[in-house]
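Q: kindly return the folded structure for what I paste below:
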Amino acid sequence: MPELPEVETIVRELKSEIVGKKFWKVETYFENIILPSGQQLIQGLPGLRIVDVIRKGKYIIFVLDKKMRLGVHLRMTGRLLWKKVKGREKFIHVCFTFSDATTLLFADVRKFGRIYFFPDKDFNKATGIAKLGLDPFVDDFSFENFYVLFKNKKGILKNNLLRQDLITGIGNIYADEICYRIGKHPSTRLETLKVKDFKAMHEAILHCLEQGILHCGVSVSDFVGTRGKQGEHQKYLQVYGRKGSKCYKCSALINKTKVAGRGTFYCPV
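A: Below you'll find the predicted structure:
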């Protein structure tokens with residue numbers, strides 16, 4: 001599933017090209033992914049202009065005129081593309097055409113992605129955004145605000161990093177990278193951590209996500225940008241996907257286990 005850096009990459013690509021465009025037509029080929037309904041999208045979206053493109057957690061949000069919003073959640077295999085990718089045509093579920101004749105396609109092999117079309121006042125509740133926690137680059141992510149979330153929490157470190165109601169945008173890959181950077185096993189108990197550990201975690205979250213954004217995301221599975229280009233950050237991962245390779249810090253071999261039900265990579269030292 002695309003995480004915060006991958007979604008931020010898409011938002012930045014869209015913003016540079018799409019702000020100011022007006023929707024002319026919407027074609028839907030699989031309406032089950034559209035909320036509240038495909039017909040409301042088809043009838044209500046044409047004629048609306050895009051004022052901005054923003055992100056909250058893993059949600060892409062098109063801010064529209066007339067107090068409307070269009071949201072996209074890519075889930076596991078969703079993509080927003082300016083052009084068809086060979087072999088993927090049958091997985092295109094929505095085609096947005098703009099008044100300048102350009103088209104933006106929503107494709108999803110597994111059909112888990114979602115498209116939302118709601119008035120501003122209903123959008124956050126209808127999409128689930130209202131339940132999300134702090135976004136490291138959208139909200140006030142000071143250490144004080146971060147520490148409040150964790151100082152009385154119990155449980156496994158990685159499980160809590162993955163909780164979208166605490167910090168939104170972190171998924172499996174970046175959780176492993178964060179744990180590695182602070183030198184803690186992903187199954188470490190939160191109640192054993194000291195304030196200095198939380199300060200290191202706060203820094204690691206920002207660092208790992210910023211690096212992911214800098215390299216336009218991780219492409220180890222389905223992720224590509226809006227032009228079909230893969231991200232580059234997989235080349236810079238310190239621990240994720242490196243089972244059997246030497247740790248960059250101590251040369252021990254990277255191990256793999258399961259934490260929070262996810263494949264988890266860590267250095268035993």
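Q: contacts, neighbours, all on C-alpha from now
A: Fine.
Q: pop out the phi and psi values for residue 6.
A: phi -70, psi -40 (degrees, to the nearest 10).
Q: list the contacts for the residue nearest to it when sequence neighbours are not counted?
A: Distances taken as C-alpha to C-alpha, 6 or more residues apart in numbering place residue 217 nearest to residue 6, at 4.5 Å, with adjacent residues excluded. Contact partners of residue 217, counting by C-alpha atoms under 8 Å, 6 or more residues apart in numbering, are 5, 6, 9, 230, 231, 232, 233, 234.
Q: so the fifth one makes contact with residue 221?
A: It refers to residue 231. No - with contacts counted by C-alpha atoms under 8 Å, residue 231 stays clear of residue 221, the gap being 10.6 Å.
Q: who's more crowded, the two?
A: Neighbour comparison, residue 231 and residue 221: the larger count goes to residue 231, with 22 against 11 (by other C-alpha atoms under 10 Å).
Q: show me what contacts residue 201?
A: 178, 179, 182.
Q: adding pLDDT and secondary structure, write those residues out as TSV.
A: Listed next are the contacts of residue 201 as TSV, based on pLDDT from 0 to 100; DSSP: H, G, I helix; E, B strand; the rest coil:
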residue	pLDDT	secondary structure
178	98	helix
179	98	helix
182	98	helix
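Q: scan these and report the most crowded one.
A: residue 178 (27 neighbours).
Q: skipping adjacent residues, who's closest to that residue in space?
A: residue 204 (5.4 Å).
Q: with residue 138 instead?
A: residue 56 (6.8 Å).
Q: separation between that neighbour and residue 202?
A: 19 Å (C-alpha to C-alpha, to the nearest Å).
Q: same thing with residue 260?
A: 21 Å.
Q: when the two are compared, which one has more neighbours?
A: residue 202 (20 against 15).
Q: surely the more buried one is in a helix?
A: Yes - assessed with DSSP: H, G, I helix; E, B strand; the rest coil, residue 202 lies in a helix.
Q: return the residues in contact with it.
A: Residue 202 touches 143, 146, counting by C-alpha under 8 Å, 6+ apart.
Q: ok, it to residue 75 distance?
A: 25 Å.
Q: cool, residue 96 as well?
A: Distance from residue 96 to residue 75, by C-alpha to C-alpha: 19 Å.
Q: just to revisit the earlier point, which member of the contacts of residue 201 is positioned nearest residue 42?
A: Within the contacts of residue 201, proximity to residue 42 (C-alpha to C-alpha) peaks at residue 178, which comes in at 41.9 Å.
Q: quick one: the closest one from residue 8, how far?
A: In terms of C-alpha to C-alpha, residue 178 sits 18 Å off from residue 8.
Q: ok, the residue nearest to residue 178 touching residue 180?
A: No - Residue 204 is not in contact with residue 180 according to C-alpha under 8 Å; the separation is 9.1 Å.
Q: which residues does residue 37 contact?
A: Taking C-alpha under 8 Å, 6+ apart, one finds residue 31 in contact with residue 37.
Q: give me the pLDDT for it.
A: pLDDT for residue 37: 97.
Q: and for residue 15?
A: With respect to pLDDT, residue 15 has a value of 96.
Q: residues contacting it?
A: 52, 53.
Q: again, 10 Å this time
A: Going by C-alpha atoms under 10 Å, 6 or more residues apart in numbering, residue 15 touches 50, 51, 52, 53, 54, 62.
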